[in-house]
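# After the sequence you'll find the predicted model.
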Amino acid sequence: MSSDEQLVKLIEHYQKALLINPRSDVIYHQLAELYDEGGNLEKTLETYQKALKVQPRSKMAFEALAKVFARLGFNEKERESLLESFSKTLTLEAAFAVLADVVKPLEELRSKTDATTWRDALILASALAQQEDWNNALKLSSKAIYLEPSLQFPHFTIQYFVLPEIDELGSLANLYLQVIRLPKIHRLAYAVLGDILTKQNRLPEAIQAYRRAWLKSNYQISAEKKISQQQTVIDYLIIGVGKAGTTSLFHYLSQHPQIINPHEKEIQFFNERYEYGLDWYLAQFPPRSFKKETFLTGESTPWYLGKLGAEERVFNAFPLIKLITLLRNPVARTISQFYMSSKAGLDHRTLEVAIADEIAILGNAESLEQINEIYWKTERGYLWFSLYLPFLKKWMSFFPKDQLLILKSEELYNTPSETLSRVFKFLGVSDCDLISYPKLNLGSYPIVDHELRKILFDFFYKHNQELEEYLEMKFGWNDL
């Protein structure tokens, strides 16, 4: 047995030990050291972070993390800030968000030549992306990748910020064809390559890149999540609704030892990317294993619910799939989606104008199909996606009730553990208590005028009544 094979066996051993004793910081420490020995920096940091979640005062975890940070070149002040952040947040992305405040100020990093470490390159890349300097953000992200191949963050910056904004893809594709040859490269590199090739319409190559991302998961898939190159089956979809807690729910599901989720949360296949074909879609997911260890996989695209025709597409592909939808008070959901679009620069109207425009189109329509084409020429779905019942009826005309779980967003926010237990039972996996239940992707917006809220309240009143009657569920959204 090679040393790499021995390392994998030891990692699997400690992963199994955590299932028996999930609150042992000693086991987390041993597992983190193995990841560190294997050169997987990101999994090392993530594992120590989990140790601090289960044992917030673990001296062992704090001391080990401090040594790792020191080895990476962080000074004492930076190490203290990072340790505090790691002990308070759930994800590595959130923990490293403090880097912008504790690492060199931006004015000291005036060009990519000043970034001599991966941390400096990441900070400058992030700052340049915020300034929409996409070419230099790409150069700095690439530099971070070469300095520390096991990191996920630079790929994340390229995938979600740079790639959507650039048109010259040939050089980027060539870059990633070189990057994936680096030792211990993070598996997200293959997913980003798949995204680049998809934009170039090189779909067969993109599919192979996505599949290779899963084959690179040797240190990142636990013993309970073994995969093989067998046929992929999708077990569940979170179909709705946007701005109703779907990001949080998807994150919670990802923490379950029997669930492996795809590379990105919203694949947008059944509403926007259907022409890519089912093989492209399935390549986003881990291949199905027929071994003793089983798992579920699925995705969350909360705009599926309100996409006319998506229900038939899903049924034709996966007639036995389980569907989950979160429904939020439509007044709050509508306002939240508007401000999300406004902050992203997608809508320059005021909230008052946007609501008035949409009510003018929706108010006299006998059916959504009647106005579908006209509606989307000017509108962005603020009220549309809050009209739950017409869409639910369409989905329920294809899928029986026992394949659809309808949840109240307010219950997920207020009682996440109990709500998640219902989801686990619905999916047929064991119940699982998470370390914490962070509310992710929260929006913020100014106080909305009472009269404007009243207009929305009146618009949705009848719809809410009909929804409660049809589903035989009490939502309480019409209670003043």
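Received, thanks. As the structure is a computational prediction, the values presented were derived from the model and not from experiment.
# ranges for the strands of the stretch 151-300 of the chain?
With strands called from DSSP state E, counting those that start in this stretch, the stretch 151-300 of the chain shows them at 236-240, 298-300.
# Check the offset of the first one from the chain's centre.
To tie it back to what came earlier, the one meant is strand 236-240. Its chain's C-alpha centre and that of strand 236-240 lie 13 Å apart, by C-alpha atoms, centre = their mean, to the nearest Å.
# Just name the most buried of the strands of the stretch 151-300 of the chain.
Comparing these by mean neighbour count (mean count of other C-beta atoms under 10 Å), strand 236-240 ranks first with a mean of 26. In short, each C-beta sits where N, CA and C put it, glycine included.
# roughly how far is the helix or strand hosting E46 from the heart of the chain?
Using DSSP states H and E, E46 sits in helix 41-54. Chain-centre distance of helix 41-54: 19 Å, with C-alpha atoms, centre = their mean.
# Point out where this protein drops to low pLDDT.
1-2, 73, 88-114, 217-232, 288-293, 480 (pLDDT under 70).
# change it to 50
Counting by pLDDT under 50, the ranges of the chain that qualify are 104-106, 218-230, 290-292.
# Check it for its longest helix and report it.
Within the chain, and with DSSP state H defining each element, the longest helix by residue count is helix 450-471.
# That one packs against which elements?
helix 330-343, helix 351-362, helix 388-398 (3 or more C-beta pairs under 8 Å, 6 or more residues apart in numbering; DSSP states H and E).
# closest to L368 out of these?
Checking the helices and strands packed on helix 450-471 against L368 by C-beta to C-beta gives helix 388-398 as the closest, at 5.6 Å.
# report the angle between the axes of the closest one and helix 450-471?
Interaxial angle, helix 388-398 versus helix 450-471 (axes from the mean of the first three to the mean of the last three C-alpha atoms, to 10 degrees): 20 degrees.
# Please renumber the chain so that the first residue is 33 from this point on.
OK, 33 is where the count begins now, so the last one is helix 420-430.
# who does helix 420-430 touch, helix- and strand-wise?
Under the contact definition 3+ C-beta pairs under 8 Å, 6+ apart, helix 420-430 sits against strand 268-272, helix 342-349, strand 354-359, strand 436-440, helix 482-503.
# could I get the ones you listed as CSV with distance to Y308?
Output for those, formatted as CSV (distance: least, C-beta to C-beta, whole Å):
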stretch, distance to Y308
strand 268-272, 17
helix 342-349, 12
strand 354-359, 22
strand 436-440, 26
helix 482-503, 34
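# Need the winner for burial among the ones you listed.
Highest mean neighbour count among these (mean count of other C-beta under 10 Å): strand 268-272, with a mean of 26.
# circling back: would you tell me what the next helix or strand after the helix holding E78 is?
According to DSSP H and E, the helix or strand after helix 73-86 is helix 91-103.
# one step back: give me the angle between the longest helix of the chain and strand 436-440.
Regarding helix 482-503 and strand 436-440, their directions subtend 150 degrees when assessed with the same axes, to 10 degrees.
# And helix 482-503, how far out from the chain middle?
Offset of helix 482-503 from its chain centre (C-alpha atoms, centre = their mean): 30 Å.
# relative to helix 383-394, how tilted is that helix?
Using the same axes, to 10 degrees: helix 482-503 against helix 383-394 is 40 degrees.
# burial count for Q402?
Look at Q402: counted by other C-beta atoms under 10 Å, it has 11 neighbours.
# nope, K41 is what I was after
Using other C-beta under 10 Å, K41 is surrounded by 11 other residues.
# for the one 3 residues further on, same thing?
Counted with other C-beta under 10 Å, the neighbours of E44 add up to 15.
# Could you check how far it is from L51?
Distance, E44 to L51, using C-beta to C-beta, to the nearest Å: 11 Å.
# Next: A388.
Using C-beta to C-beta, A388 is found at 55 Å from L51.
# sorry, back to before: do you know which of the helices and strands packed on helix 420-430 lies nearest G202?
Nearest to G202 among these is helix 342-349; the distance by C-beta to C-beta comes to 32.4 Å.
# which outside residues touch the closest one?
The contact list for helix 342-349 (C-beta atoms under 8 Å, 6 or more residues apart in numbering) reads 266, 269, 271, 302-303, 306, 310, 336, 353, 355, 426-427, 429-431.
# right, and out of the residues you listed, which lies closest to E405?
Of all the contacts of helix 342-349, E405 sits closest to N303, with 15.3 Å by C-beta to C-beta.
# hang on, isn't that closest one packed against P334?
No. No contact is recorded between N303 and P334 when judged using C-beta atoms under 8 Å, the distance being 10.2 Å.
# And the two? Which one has more around it.
Neighbours per residue, other C-beta under 10 Å: of N303 and P334, the larger number sits with P334, 24 against 19.
# Surely the more buried one touches I271?
Yes. P334 lies in contact with I271 (C-beta under 8 Å); the separation is 7.0 Å.
# which neighbours do those two share?
Residues touching both P334 and I271 by C-beta under 8 Å, 6+ apart: none at all.
# State the distance from the residue nearest in space to the middle of the chain to S35.
Central residue of the chain (C-alpha atoms, centre = their mean): K297, 3.9 Å from the mean position. Remark: distance between K297 and S35 (C-beta to C-beta) = 36 Å.
# Which residues belonging to stretch 403-420 are considered buried?
Using 16 or more other C-beta atoms under 10 Å as the test for burial, stretch 403-420 gives I403, Y407, E411, R412, G413, Y414, L415, W416, F417, S418, L419, Y420.
# do stretch 467-479 as well
Neighbour-count burial for stretch 467-479, counted by 16+ other C-beta under 10 Å, picks out Y469, P470, L472.
# try stretch 43-51
Buried residues in stretch 43-51, counted by 16+ other C-beta under 10 Å: I43, Y46, Q47, A49, L50.
# Redo those as a markdown table? Include secondary structure and distance to L209.
Output for those, formatted as a markdown table (DSSP: H, G, I helix; E, B strand; the rest coil; distance: C-beta to C-beta, whole Å):
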| residue | secondary structure | distance to L209 |
| --- | --- | --- |
| I43 | helix | 29 |
| Y46 | helix | 35 |
| Q47 | helix | 32 |
| A49 | helix | 39 |
| L50 | helix | 37 |
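# now, which of these sits nearest K231?
When these are compared for distance to K231 (C-beta to C-beta), I43 wins out at 35.1 Å.
# Just confirm that closest one contacts Y67, I think it does.
Yes. With contacts counted by C-beta under 8 Å, I43 reaches Y67, the gap being 7.2 Å.
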